[in-house]
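Student: Pasting the sequence and the predicted coordinates here, then a few questions.
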Amino acid sequence: MRADRLVAIVLLLQARGAMSAPQLAAELEVSTRTVYRDVEALGAAGVPVYAERGAQGGIRLLEGYRTDLTGLNAGEAEALLLMGIPGPVGRLGLGQRSDAARRKVLAALPRQGREAAEAVRQKVFVDPDGWEAVPLLPHLVAVAEAVWSERRIRIDYVRADNAKVTRTVDPLGLVLKAGTWYLIGSLGQWEVTFRVERIRAVEVLERPAHRPCGFDLAAHWASVVAEVRDERLPVTVRLAVERSIAGELPRRLGEAVRDQVVDALAADGSRIVVDVGFRSDADAVAAVLSLGSAAEILSPPALRSRAAAEAAAVAAVHQADRSPCAAVGSGPERPVGDGRGWVDRAGSRPREPEESVLQASRMFEPETAEVIAARHFVLEVLHEWGIPDGDVSLLVSELATNAVLHARSEFTVTVQAGGGRVRVGVSDRNSRMPQMAVVPPDAYSGRGLMLVQALASSWGVDAHDNNGKTIWFEMEP
């Protein structure tokens, strides 16, 4: 409507000062000729609007002119009132200001419009919280104030692996998703996502926060959401499982399978059939093999063949006539250790990342299912740090598998990030140096170290003084 457009021109000029006719036309999505006609109509109605020529010119209001006209109709006011969701706004410390803004919006409306806008609160109520108890967020207000004032903060934070860390963060913005608050912050060259409920202490520093040029919070969050969705269970496997272990499936394969198990148990037969989602083929094979002979892959056929090959490799490791430390694979073996530790393929000794900004580690049991857990741990850490996975989790799966099959000891995965590089180490308690086997082209296993050599920018092994070793690699995602 033209009346709405005229009000919009007055409010735009009042808020921004001089604007050119093309700028107004682009803002209002009309032609430049229409803008000139509207400006003439405003002048005829007594609004002191005029145009100036030149590079610094444009359409502007007479200096000092102000209007209390809001231009809000009842529908716009209703939509605006719905935006002020009480719970989240109150947790940000903006409850009183939100109430004051609501009163001002209503006061600017005529009586009929005010009554219609007030009525919307009795017709629509938005509750963004889940059914679980809302976690206490004692530090949300302090974090929000740092975001508003663009001040750097130091936080004590509990990561997903329950490790306690201290981080100095440039806060970039807050996001509320499905009742959970997230802080997007900058750590050096990376944008990192923190769950506010895991923050245990906040100190607002005097130093101004650095905001990357061109950073857009909505666009960044959209990329985070897309990345998380891409990581979720792209591989679906149909399994036939012995009825005797059906009750263990939700714990072993995830709660998402529980309903299928319940339905399948209602039918007759010694086995049940379920469809299970996994993040990768490697995760699927590791999970199925952890169930032993009680589970069989029905589809896809390629994954069934891969599981058979992996099972054969595991059986070969446990043959009675093999040395307990023999490597899986056929053909000549090339030892790559020198008794003190590997050198990387550039010929230098292992090196630590410069000024490691971030570090996380976790210990795992020598079980096949722990390979999946190690992979998920690394994915979660990288996601929390805002670092793309690339092939990092793939190489971790290979090294963790080696630790389970050959070292047969507890193993620890350590992830570090700094200087634009990611360094991962897999440590075990077996001091025997790994062997890189030459495997036939049709083999399904035995290529773990070959993948590390092919994909990592540098890699190696450190021998421990008190027995054991660490196989490490570095990548630049």
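Tutor: Right, received. Where do you want to start?

Student: Now do the buried residues in the lengthiest strand in the chain.
Tutor: The single longest strand within the chain, with elements called by DSSP state E, is strand 164-177. Of the residues in strand 164-177, 167, 169, 170, 171, 172, 173, 174, 175, 176 count as buried by neighbour count, 16 or more other C-beta atoms under 10 Å. Where you see a C-beta, it was placed from the backbone N, CA and C, and this is true even at glycine.

Student: tell me which strands and helices the very next helix or strand once past that strand is in contact with?
Tutor: Helices and strands here follow DSSP states H and E; after strand 164-177, the next one along the chain is strand 180-187. Counting contacts by 3 or more C-beta pairs under 8 Å, 6 or more residues apart in numbering; DSSP states H and E, strand 180-187 is packed against helix 140-149, strand 164-177, strand 190-195, helix 217-231.

Student: what does strand 180-187 contact?
Tutor: Residues outside strand 180-187 that contact it (C-beta atoms under 8 Å, 6 or more residues apart in numbering): 91, 137, 140, 143, 147, 153, 167-176, 191-197, 199, 209-212, 217, 220-221, 357-358, 385-386.

Student: Relative to residue 476, how far out is the closest residue to residue 168 other than its chain neighbours?
Tutor: Spatially, and ignoring its direct neighbours in sequence, residue 168 is nearest to residue 154 (5.0 Å; C-beta to C-beta, 6 or more residues apart in numbering). Residue 154 sits at a distance of 28 Å from residue 476 (criterion: C-beta to C-beta, to the nearest Å).

Student: With residue 293 instead?
Tutor: 43 Å.

Student: list the contacts for the residue nearest to residue 422 when sequence neighbours are not counted?
Tutor: Distances taken as C-beta to C-beta, 6+ apart place residue 475 nearest to residue 422, at 5.3 Å, with adjacent residues excluded. Residue 475 makes contacts with 390, 391, 392, 395, 421, 422, 455, 456, 457, as judged by C-beta under 8 Å, 6+ apart.

Student: What separation is there between the fifth one and residue 358?
Tutor: With distances taken as C-beta to C-beta, residue 421 is found 11 Å from residue 358.

Student: If you count surrounding residues, which of the two has more?
Tutor: residue 358 (22 against 17; other C-beta atoms under 10 Å).

Student: is the more buried one in a bridge, and if so with what?
Tutor: Going by DSSP bridges, residue 358 is paired in beta bridges with residue 417.

Student: if I read this right, it contacts residue 385, doesn't it?
Tutor: Yes - counting by C-beta atoms under 8 Å, residue 385 is a contact partner of residue 358 at 5.5 Å.

Student: got any residues that touch both of these two?
Tutor: Shared contacts of residue 358 and residue 385, counting by C-beta under 8 Å, 6+ apart, come down to 187, 417.

Student: show me where the stretch 301-450 of the chain has helices.
Tutor: 301-317, 369-385, 392-402, 448-455 (DSSP state H, counting those that start in this stretch).

Student: re the thing from before, how about the secondary structure of the residue nearest to residue 168?
Tutor: strand (DSSP: H, G, I helix; E, B strand; the rest coil).

Student: what does residue 203 give?
Tutor: strand.

Student: which one is it nearest to, not counting chain neighbours?
Tutor: Residue 203's closest residue in space is residue 154 (C-beta to C-beta, 6+ apart), at 4.4 Å.

Student: Report the secondary structure element holding residue 206.
Tutor: Going by DSSP H and E, residue 206 is in strand 199-208.

Student: Mind giving me the packing neighbours of that strand?
Tutor: helix 140-149, strand 151-158.

Student: Relative to residue 289, which of the ones you listed is closest?
Tutor: Between residue 289 and these, the tightest spacing by C-beta to C-beta is seen for strand 151-158, at 33.2 Å.

Student: Run me through the strand neighbours of that closest one, direction for each.
Tutor: Sheet partners by DSSP bridges: for strand 151-158, these are strand 164-177 (antiparallel), strand 199-208 (antiparallel).

Student: got the angle for the last one vs helix 140-149?
Tutor: Just to be clear, that refers to strand 199-208. 20 degrees (axes from the mean of the first three to the mean of the last three C-alpha atoms, to 10 degrees).
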